[in-house]
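K.L.:
Generate coordinates for the sequence data below:
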Amino acid sequence: MPHSTTTESTITVHPVTPPSGSTYNFGAELRGADLENLAESDKDIIIRALYENQVILFKNQQNLSPRGQYEVTRLFDPLAQGYGHGKTLDAKRSILHPDLKTIPTQSEVQVIGNGPVASFEGLKDIKLKHPHHKTFHQDVISDDEDRENTRFYRWHIDAALYDLDPPKATTLLAVKVPKTENMNLRYDDGSGDELKVPRGSTAFVSSYTMYDILSEEDKQFARTTKVQYAPHPYIWMSPAKSRSTGLGLHTSDLELPASSLPLIETSKIKTLPMCWRNPVTGKLALQIHPSAVQKLILADGTVIDDLKEVREIVYRLQRPGIAPSLVWPVDWEEGDFVVFNNRGVLHTVTGSFLEDEVRIFRQCNMAASDGVLGPEDDA
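P.N.:
Coordinates of the predicted model:
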C-alpha cells in the first residue's frame, strides 16, 4: 500500500493542447507525482483531474511496480475487486482471450502487446499479439497497403457487461514501445475520413462530446433509453464481424444463439442507461459499448429487439463522435502511464506490427463496486 501523508500536493495539471485541425477537448498531463508514495492531497488531485479531463498522463513511470499500478487504479474505487472483464477472461471462445496475460504477483494487472517476450514480471516465454483489424472486420485493408494503413480495431468500454459493473478507471503503462513511422488510419465507410496516427496508438474519444453534439431530439432519446447488453457478450459476438470504423458490428446473423452460450442467469444480464453521469462534473456521456448491445428499451417501455435496427440506431448516435477532429491518438513513449475514465470515454487500439516487433504494456482495471450513474442520478 503506498505511504500516505497529509503534506500539500506537488502535482500540477496541464491540459493537453490538440494539434492543428483537432478539436477534442479532453486529456491532461499530470506532473510532480510520486505514484508509489501518494499523499492524501495527491489522491484528491488525481481523482478530480481524471473526471475533469477523462484521460490523464504521467510521464517517465518506467519504475512503477505492478502493485503501484494496482493501487493507483483502485484510487477511483477502493472497493473494486478482480478483473474488469470477469470470467470471460479465461473463456476460450471469448474475443478477449488471446489479448490478455496475467502477472502472477499481481493478478489484477494484465500484460498486452506484441511479439515474443522471454521474461517479464514473472511470466516466461510468452507470445503477445497486437490485435489486427483483419481478425475482426468484415472487409479489410489489402496486404500491400497494410504496413502504411490501419483502422480503428474496436471502439469499446472495458467491461464484462454481464454480471459485473463496468470499471471506473483503466490504467495503461507503456513498458516497451517500438517507434516507427506514422500510419494512415482509414474509416473506409464512404465518408472519406482519414487520420494520421502513430503506429500502435491507443485512440480515445470523449463520450461527453459524443452526447453534446447530438440534436436536442436525440439527446432526449439518449437520456430516456436503456441499453440491454447480450449475455456473455464477448462469446456471443465472437463469430460476428465489425464495421470498417470499428464502431459496432454488421448484422449477418452470425452471433451465437443462447443455446451455444455458457449458462445464462437472467439476473446477471446488464441493462444500463444510454447516458452515464460524471460523478464530479455532472456532465452526461453517451456511453454505449456498440459491439455488445442487443436490445434498446425506450421511455414508454417499448423494447426494440431487432438487432439490425438496434445497431443502426446506436451507430447513428455514436458515429459523429468519432470524427477525425475529435479523436486523440496517444503517441506512446516508454514510461507513459495513462489513466482513463472508463465511464466517460471510448477507446480502441490501432495499427499493426510485424510478428517479431516487441511491444509491452501493462493494463489494469477492476469490476466496479457499484453501478453507473444515470441521467436522473445526482453527481
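K.L.:
Where does the prediction get shaky in this protein?
P.N.:
Along the chain, segments meeting pLDDT under 70 span 1-7, 83-100.
K.L.:
90 instead, please
P.N.:
When residues are selected by pLDDT under 90, those of the chain lie in 1-8, 81-101, 147, 179-181, 379.
K.L.:
Leaving aside the residues adjacent along the chain, what's closest to D77?
P.N.:
K168 (4.6 Å; CB to CB, 6 or more residues apart in numbering). (Glycine included, C-beta is placed from N, CA and C.)
K.L.:
Next one: that neighbour from F76, what distance?
P.N.:
4 Å (CB to CB, to the nearest Å).
K.L.:
What of D144?
P.N.:
45 Å.
K.L.:
who's more crowded, those two?
P.N.:
For the pair D144 and F76, the greater number of neighbours falls to F76 (25 against 8), based on other CB atoms under 10 Å.
K.L.:
Return the distance of stretch 149-157 from the chain's centre.
P.N.:
In terms of CA atoms, centre = their mean, to the nearest Å, the centre of stretch 149-157 is found 10 Å from the chain centre.
K.L.:
Repeat that for stretch 218-225.
P.N.:
The answer for stretch 218-225 is 23 Å, by CA atoms, centre = their mean.
K.L.:
list the contacts for the residue nearest to D77?
P.N.:
Shown in contact with K168 (CB atoms under 8 Å, 6 or more residues apart in numbering): F76, D77, A80, N341, N342, R343, A368.
K.L.:
can you give me the strands in the stretch 101-250 of the chain?
P.N.:
Counting by DSSP state E, counting those that start in this stretch, the stretch 101-250 of the chain has strands at residues 101-103, 106-120, 123-128, 149-150, 169-176, 183-186, 194-197, 202-206, 226-229.
K.L.:
Turn those into CSV, including distance to F136 and mean neighbour count.
P.N.:
Conversion of the strands of the stretch 101-250 of the chain to CSV gives the following (distance: least, CB to CB, whole Å; neighbours: other CB atoms under 10 Å):
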stretch, distance to F136, mean neighbour count
strand 101-103, 19, 19
strand 106-120, 16, 18
strand 123-128, 17, 14
strand 149-150, 13, 22
strand 169-176, 20, 22
strand 183-186, 15, 20
strand 194-197, 18, 18
strand 202-206, 15, 24
strand 226-229, 18, 20
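K.L.:
Just send those back as JSON lines, with distance to D42 too.
P.N.:
Converted to JSON lines, the strands of the stretch 101-250 of the chain look like this (distance: least, CB to CB, whole Å):
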{"stretch": "strand 101-103", "distance to D42": "25"}
{"stretch": "strand 106-120", "distance to D42": "21"}
{"stretch": "strand 123-128", "distance to D42": "31"}
{"stretch": "strand 149-150", "distance to D42": "37"}
{"stretch": "strand 169-176", "distance to D42": "15"}
{"stretch": "strand 183-186", "distance to D42": "36"}
{"stretch": "strand 194-197", "distance to D42": "32"}
{"stretch": "strand 202-206", "distance to D42": "24"}
{"stretch": "strand 226-229", "distance to D42": "36"}
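K.L.:
Quick one, which of those strands gets closest to A159.
P.N.:
Among the strands of the stretch 101-250 of the chain, strand 226-229 comes nearest to A159, with 8.7 Å by CB to CB.
K.L.:
quick one: contacts of the closest one?
P.N.:
161-162, 269-274, 288-289, 292-297, 314.
K.L.:
how close does G351 sit to R151?
P.N.:
9 Å.
K.L.:
So R319, which state does it fall into?
P.N.:
helix (DSSP: H, G, I helix; E, B strand; the rest coil).
K.L.:
same thing with D42?
P.N.:
Going by three-state DSSP: D42 is helix.
K.L.:
Isn't it up against A33?
P.N.:
Yes: with contacts counted by CB atoms under 8 Å, D42 reaches A33, the gap being 6.3 Å.
K.L.:
quick one: common contacting residues for those two?
P.N.:
Between them, D42 and A33 share the contacting residues T10, I11, judged by CB under 8 Å, 6+ apart.
K.L.:
hey, where'd the helices end up in the stretch 151-300 of the chain?
P.N.:
Secondary structure of the stretch 151-300 of the chain (DSSP state H, counting those that start in this stretch): helices located at 207-212, 216-224, 233-236.
K.L.:
do you know which of those lies nearest D378?
P.N.:
helix 216-224 (14.8 Å).
K.L.:
Counting neighbours, which bits of the closest one end up buried?
P.N.:
Using 16 or more other CB atoms under 10 Å as the test for burial, helix 216-224 gives D218, K219, F221, A222, R223, T224.
K.L.:
Adding distance to F136, write the residues you listed out as JSON lines.
P.N.:
Converted to JSON lines, the buried residues of helix 216-224 look like this (distance: CB to CB, whole Å):
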{"residue": "D218", "distance to F136": "28"}
{"residue": "K219", "distance to F136": "31"}
{"residue": "F221", "distance to F136": "29"}
{"residue": "A222", "distance to F136": "26"}
{"residue": "R223", "distance to F136": "31"}
{"residue": "T224", "distance to F136": "32"}
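K.L.:
of those, closest to K179?
P.N.:
A222 (39.5 Å).
K.L.:
contacting residues for the closest residue to that closest one other than its chain neighbours?
P.N.:
Residue nearest to A222 in three dimensions, not counting chain neighbours: M274, with 4.8 Å by CB to CB, 6+ apart. Applying CB under 8 Å, 6+ apart, we find M274 in contact with A222, R223, T225, K226, V227, L286, Q287, I288, L296.
K.L.:
Please convert those to TSV, extending it with distance to T302.
P.N.:
Listed next are the contacts of M274 as TSV, based on distance: CB to CB, whole Å:
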residue	distance to T302
A222	15
R223	16
T225	10
K226	11
V227	14
L286	20
Q287	22
I288	18
L296	9
